[in-house]
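K.L.:
return atomic coordinates for the entry below.
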Amino acid sequence: MTRLGAETAAEPVTADGPWENRPAGTNDILWRSSRNPIIPRDLIPRANSIFNSAVVPFGSGFAGVFRVDDTERVMNVHSGRSSDGVEWEIDDEPITFVPADRRIREIQEGFLFAYDPRVTWLEDRYYLTWCNGYHGPTIGLAYTHDFESFHQLDNAFLPFNRNGVLFPRKIGGGYAMLSRPSDNGHTPFGDIYYSESPDLVHWGRHRHVMAPIPLTWQSTKIGAGPTPIETGEGWLVLYHGVLTSCNGFVYSMGAALLDLKEPWKVLGRSRDYLLSPQVPYEQVGDVPNVIFPCAALVDHEADRVSVYYGAADTVVCLAHGYLSEILDSVPR
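P.N.:
The predicted structure follows:
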């Protein structure tokens, strides 16, 4: 049975990705890149940390949008490019968004912060979603054709919301997004919701998708990570789950499978985490014990997935796995 759905969008592909084979002696479903962290915290001037960033195939290489917290500790997003997905050139200055209409300036004039971007190829362009400061965190939305000029649309939702992730094609005739309604602080709670839009401006028909599971690695809150991956078995969603330990939050990564036609219906989700903070660069940093996935490069023919994740809110890292094994790990 094919893993790839028949209606998958014609996303740009790149021949050579940052793949590494599974290390000898391990049966882990996801394994860390030997080159981690692939992006250090101080790659560009005035960067305190670079993490929780999104990468996509672009041209003959890769492009991305990167969360950069500067030495003033202002959170913002920067554009970047790479030939191999590992060695990156990131713009020193944050993205300057072009307003799609005059009312967008009202949002821009009250800028507070921008962080945790995702990038999705949808129809004929790349869409950027991020946590945008507008009287609290909400979901910003913009598009680009070239990763040089970014056109900002209206915020998708009211505050407070985080982890807005677009689906890579229309579903049931409308655009679709996952998000995690939250509060104005560090959010000691959170469920994933599904929303629809006819035009990427007006959002509604909200549906609950899934909630934390008590007394597990995902007991406090959950949030969608990379763009959902369409397969013949459903939408594969990699997500972060958080537990509250005696020393604070611990962020790990899991997977869920959603119905292709009605993605608010969960077909299965991880019992065990796929990746948890277990090495120094994930356990030690500005925020200890964090694995936060934001992007995935998928090669359906080779059955490969490479996941970009933020580690300890400080650096960008890579993990690899086989798509079929990730799917098989999700209990139905």
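K.L.:
now do the strands in the stretch 1-150 of the chain.
P.N.:
Counting by DSSP state E, counting those that start in this stretch, the stretch 1-150 of the chain has these strands, from start to end: 31-32, 47-58, 61-70, 75-82, 89-90, 97-99, 114-122, 125-133, 137-144, 150-152.
K.L.:
which secondary element of this protein has the worst mean pLDDT?
P.N.:
Within the chain, no helix or strand scores below helix 104-109, which has a mean of 95 by mean pLDDT, DSSP states H and E.
K.L.:
so which strand or helix has the one residue sitting closest to the centre of the chain?
P.N.:
By Cα atoms, centre = their mean, the chain has its centre lying nearest to C294, at 2.4 Å. Taking DSSP states H and E as the definition, one finds C294 inside strand 291-299.
K.L.:
and the angle for the very next helix or strand once past that strand with strand 114-122?
P.N.:
On the C-terminal side of strand 291-299, the nearest following helix or strand under DSSP H and E is strand 304-311. Here strand 304-311 runs at an angle of 160 degrees relative to strand 114-122 (axes from the mean of the first three to the mean of the last three Cα atoms, to 10 degrees).
K.L.:
what strands flank the strand holding C294, and is each parallel or antiparallel?
P.N.:
Strand 291-299 pairs in its sheet with strand 304-311 (antiparallel), by DSSP bridges.
K.L.:
before we move on, back to that, of all the strands of the stretch 1-150 of the chain, which one is nearest S324?
P.N.:
Minimum separation from S324 across the strands of the stretch 1-150 of the chain (Cβ to Cβ) falls at strand 31-32, 15.2 Å. C-beta: built from backbone N, CA, C; applies to glycine.
K.L.:
mind listing residues that contact that closest one?
P.N.:
Contact with strand 31-32 is made by 20, 22-23, 275, 279, 317-321, as judged by Cβ atoms under 8 Å, 6 or more residues apart in numbering.
K.L.:
follow-up on the earlier one: give the other helices and strands that the least confident helix or strand of the chain contacts.
P.N.:
Counting contacts by 3 or more Cβ pairs under 8 Å, 6 or more residues apart in numbering; DSSP states H and E, helix 104-109 packs against strand 97-99, strand 150-152.
K.L.:
and the last one, what's buried?
P.N.:
Buried positions in strand 150-152, judged by neighbour count with 16 or more other Cβ atoms under 10 Å: 150-152.
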